[in-house]
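A.B. asks: got a predicted structure here, sequence first:
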Amino acid sequence: MACSVALLAQPLHLLLAVAALVPVFLVILYMDTYGRQVPIYDQWQTSVFVAVAAENGTLDFEQLLARHNGHRIFFTNLITLGATWFTDWNTDWELWVNLPLALGNLALLVALFWRQAPDLLPLALVPFSALVFSLYQDISWTTAFQSQWHIVTLFFLAALLVLTSQPPGWWAWGGAAWLSVGATFSFGSGFTAWPILGVVLWLVGYRQPVHYLLWAALGALNIWLYFQGDSSQAGLQASALDDPGLHLRYVLAFFGSPLGYRNLDAAAWIGAVGLGLFAVHILWLWHHSQQNWAALAPWLAIGAYVFGLANSTGLSRVGGRESELYIALSQRYTQASVFFWAALLALVLLVGRAFWRESRRWQRAVVYGQVILGVMGALLYLRTNAWSLQYQHDLYGTYLGHDYGPREFWDEELCVVDYPLYRDSTCSSRRS
């Protein structure tokens, strides 16, 4: 704490801390301007029934745990339950829960980096904030239902922080296990917490077989419970397995999407460059740190988490048609892929610091090259996020911070909002 206060006492560091709040402020404006005030998309398939059951007093634990499109979104349903109890299911209030969840993810990311390089944190804070609060995530900021993406990441990062910040022992093991349970039952990608964190156990120094036996047993139990009582589940697209090249393009575009400005080929190339840089920096740090895997564990785990999500969505969503590759650019997936770029940034800063201290000419040249790549990445980030703002303007006819339109869309929302009071559906152009 004293160290953090000392850092903020320096004018430049304080300025950077304030600058890190700018992306948060922009997201607040984005949510206020474009946030939906009525249920949309999947909320009509899940959240509506949770809210109605809660209001009628018929909601049970089984309904909170029910699967939606192959996912158990227990905590998202809990948020809907809370919004129903305290606000008569005001979806606008429910939407704003996404903001503290994202702030929590940013805090965990900062804490992971702080433990390794507190002196570099001022350089990382602004880009960390810009990535976590990327406007390109769009749907994560405009619909309450997307809280599931923030929640699963929160559980995963919290479990990772527990394992990497505490000495090996049952307290840290148990904390990570409970957080992995939370990840499993918050979204489908939470499954990956078990194998990834199982590897992290070894990287941070767990050597007793009992830790791994119990971890595997608990993971298997959670997976078994996950699939009980509901036969609906998303399956693999067999044709995706038949065309590995198509799947590879999807995975690369998934990684490059936060910087790819909605261009599939550009995103794939950017993803390929990012993965290449990630591998090079990991290998150099591993060699330079005398094979100290514990120091690399947080960034390896985050990279593996995004890699697992990229492959699982590709195998379940892409059916072999090239047009389906654009699913990799889905804005909801960006909530996860931005953390890969945050992990890469952490690695770049760690390598850059080591090279700068060596003071050799070629190493200084590498650092300058890193800076040039960083500037290029920032420009791609700005272009991609500018696209999101332009898209919303074209769709609703307004700019950030203004009342949005077009008027008929606003009238449609008012119709739904006022229905409980007046029972009038004639105002809706979408009534059946």
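C.D. replies: In hand now; what should we look at?

A.B. asks: mind naming the longest helix for the protein?
C.D. replies: Taking DSSP state H as the assignment, the helix of the chain that covers the most residues is helix 361-396.

A.B. asks: for that one, the distance to its chain's centre please.
C.D. replies: Mean-position distance between helix 361-396 and its chain equals 19 Å (Cα atoms, centre = their mean, to the nearest Å).

A.B. asks: buried ones in the helix or strand containing G352?
C.D. replies: For G352, the host element (DSSP states H and E) is helix 331-358. By 16 or more other Cβ atoms under 10 Å, the buried positions in helix 331-358 come out as 331-352, 355. To be clear about C-beta, it is placed using only N, CA and C from the backbone, and glycine gets the same treatment.

A.B. asks: which helix or strand contains Y206?
C.D. replies: Here Y206 is assigned to no helix or strand, by DSSP H and E.

A.B. asks: hang on, isn't it packed against P168?
C.D. replies: Yes: counting by Cβ atoms under 8 Å, Y206 touches P168, with 4.8 Å between them.

A.B. asks: contacting residues around stretch 156-171?
C.D. replies: 105, 108-109, 111-112, 115, 172-173, 175-176, 179-180, 183, 190, 192-193, 197, 200-201, 204-207, 211, 294, 297-298, 301-302, 305 (Cβ atoms under 8 Å, 6 or more residues apart in numbering).

A.B. asks: returning to that earlier point: more crowded one of Y206 and P168?
C.D. replies: Per other Cβ atoms under 10 Å, whichever of Y206 and P168 has more neighbours is Y206, with 19 against 16.

A.B. asks: state the distance from N90 to F61.
C.D. replies: 24 Å (Cβ to Cβ, to the nearest Å).

A.B. asks: send the alpha carbons of stretch 151-162 over as CSV?
C.D. replies: What follows is stretch 151-162, C-alpha atoms only, in CSV (Å, rounded to 0.1, in the frame of the first residue of the first chain):
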residue,chain,number,x,y,z
ILE,A,151,-18.4,-12.9,-14.4
VAL,A,152,-16.5,-16.0,-15.8
THR,A,153,-13.4,-13.8,-16.4
LEU,A,154,-13.7,-12.5,-12.9
PHE,A,155,-13.7,-15.9,-11.3
PHE,A,156,-10.8,-17.1,-13.5
LEU,A,157,-8.6,-14.2,-12.8
ALA,A,158,-9.4,-14.3,-9.1
ALA,A,159,-8.4,-18.0,-9.0
LEU,A,160,-5.2,-17.2,-10.9
LEU,A,161,-4.3,-14.4,-8.5
VAL,A,162,-4.9,-16.7,-5.5
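
A.B. asks: how far off centre is it?
C.D. replies: Using Cα atoms, centre = their mean, the offset of stretch 151-162 from its chain centre is 11 Å.

A.B. asks: in it, what counts as buried?
C.D. replies: 151-162.

A.B. asks: helices - which of the residues you listed land there?
C.D. replies: Using DSSP H, the buried residues of stretch 151-162 in helices are 151-162.

A.B. asks: residues near T58, how many?
C.D. replies: 9.

A.B. asks: give me phi/psi at it?
C.D. replies: phi -110, psi 0 (degrees, to the nearest 10).

A.B. asks: give me the buried positions along stretch 260-276.
C.D. replies: 260-264, 266-268, 270-275.

A.B. asks: now swap in stretch 46-63 and tell me
C.D. replies: 46-47, 49-51, 53-54, 59.

A.B. asks: stretch 32-40 too?
C.D. replies: Result for stretch 32-40 [16+ other Cβ under 10 Å]: buried residues 33-36, 39-40.

A.B. asks: of all these, which comes closest to T80?
C.D. replies: Within those, distances to T80 taken as Cβ to Cβ reach their minimum at P39, with 9.7 Å.

A.B. asks: was I right about the closest one contacting F49?
C.D. replies: No: when contacts are counted by Cβ under 8 Å, P39 is not listed as touching F49 (10.6 Å).

A.B. asks: got the buried residues of stretch 46-63 as JSON lines, with pLDDT columns?
C.D. replies: Formatted as JSON lines, the buried residues of stretch 46-63 follow (pLDDT from 0 to 100):
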{"residue": "T46", "pLDDT": "86"}
{"residue": "S47", "pLDDT": "86"}
{"residue": "F49", "pLDDT": "87"}
{"residue": "V50", "pLDDT": "90"}
{"residue": "A51", "pLDDT": "87"}
{"residue": "A53", "pLDDT": "89"}
{"residue": "A54", "pLDDT": "88"}
{"residue": "L59", "pLDDT": "88"}
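
A.B. asks: for T143, state which of those is nearest.
C.D. replies: For the buried residues of stretch 46-63, the nearest to T143 is S47 (9.9 Å; Cβ to Cβ).

A.B. asks: dump the residue contacts of that closest one.
C.D. replies: 39, 76-77, 80, 144-145.

A.B. asks: phi and psi next, for H71.
C.D. replies: phi -110, psi 140.

A.B. asks: which one is it nearest to, not counting chain neighbours?
C.D. replies: G188 (4.3 Å; Cβ to Cβ, 6 or more residues apart in numbering).

A.B. asks: once you drop chain neighbours, what's closest to W93?
C.D. replies: T87 (4.8 Å).

A.B. asks: strands of the protein, start to end?
C.D. replies: 67-68, 71-72 (DSSP state E).

A.B. asks: which stretches in the stretch 201-350 of the chain count as helices?
C.D. replies: Remark: helices assigned in the stretch 201-350 of the chain by DSSP state H, counting those that start in this stretch are 209-226, 238-242, 244-256, 264-288, 293-317, 331-358.

A.B. asks: still on that earlier bit, the residue nearest to H71 - how many residues pack around it?
C.D. replies: Neighbour tally, G188, other Cβ under 10 Å: 23.

A.B. asks: and it, how far from V48?
C.D. replies: If you go by Cβ to Cβ, the gap between G188 and V48 works out to 21 Å.

A.B. asks: Q228 too?
C.D. replies: Distance from Q228 to V48, by Cβ to Cβ: 25 Å.

A.B. asks: where does pLDDT dip in the stretch 101-250 of the chain?
C.D. replies: 229-242 (pLDDT under 70).
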